[in-house]
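In: sequence first, predicted model second:
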Amino acid sequence: MTLPRAALVSGAAYWLRARNLRLGVWSDVAGGFIGIREKFGREFLDTESLAGSQFGTALAVARVEADPVPAGVALRELLGVVDSLECRAVRRTGGGYVYADTGGALEGGAVAVLVPNAPLMAYLRGLDLRGSA
């Protein structure tokens, strides 16, 4: 038996039957579950859409008996993009990445680096250590 979408609470964790995740936090904004995925020996946060939506494969089997994601922890895979030298925020334009504060091109050999959501990753790891449904 699986839980219907109407029963899902944004920020709550669920055990899943899904293509790539076994545990995930439901996000109303993303319309899916954010969880830890492993691919080629690397772990990262990924969102899997609810089954029944286009390309969705995730079904919630049971809610994890735990507190929801703590306040202040964003329900998204990444926290932003920064430059590799000064950790200044950058944004993508048609011509590549520029500094978010000035709009100027990246300097000194800096490249854009994704900032993973470490607080959400830690929350999910803590839940996964408790076992599975």
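Out: Sure thing, it's come through. Numbers count the residues shown, from 1 in each chain.
In: all strands for this protein, in order.
Out: 13-17, 23-27, 32-39, 42-49, 59-63, 78-83, 90-93, 96-99, 112-116 (DSSP state E).
In: can you give the distance of the first one from its chain's centre?
Out: Average the C-alpha atoms of strand 13-17, do the same for its chain, and the two points are 14 Å apart (C-alpha atoms, centre = their mean, to the nearest Å).
In: with the second one instead?
Out: Relative to the centre of its chain, strand 23-27 is centred 9 Å away, using C-alpha atoms, centre = their mean.
In: other residues contacting it?
Out: Under the contact criterion C-beta atoms under 8 Å, 6 or more residues apart in numbering, strand 23-27 has outside partners 8-16, 18, 32-36, 47-48, 58, 60, 64, 69, 75-76, 120, 123-124, 127-128, 132. C-beta coordinates here come from the backbone N, C-alpha and C atoms, glycine included.
In: R22 versus M1, what's the distance?
Out: Separation of M1 from R22 (C-beta to C-beta, to the nearest Å): 17 Å.
In: now do the contacts for the residue sitting nearest the centre point of the chain.
Out: By C-alpha atoms, centre = their mean, the chain has its centre lying nearest to E77, at 2.6 Å. Each residue near E77 by C-beta under 8 Å, 6+ apart is listed here: 34, 44-47, 116-117.
In: what about this structure, any weak spots by pLDDT?
Out: Across the chain, the ranges flagged by pLDDT under 70 are 129-133.
In: again, only this time at 50
Out: By pLDDT under 50, the weakly predicted segments of the chain are 132-133.
In: residue most distant from the centroid, it?
Out: G108 (30.6 Å).
In: picking up where we left off before, just the buried subset of the contacts of E77, please.
Out: 34, 45-47, 117 (16 or more other C-beta atoms under 10 Å).
In: got the buried residues for stretch 105-124?
Out: Of the residues in stretch 105-124, 106, 110, 117, 120-121, 123-124 count as buried by neighbour count, 16+ other C-beta under 10 Å.
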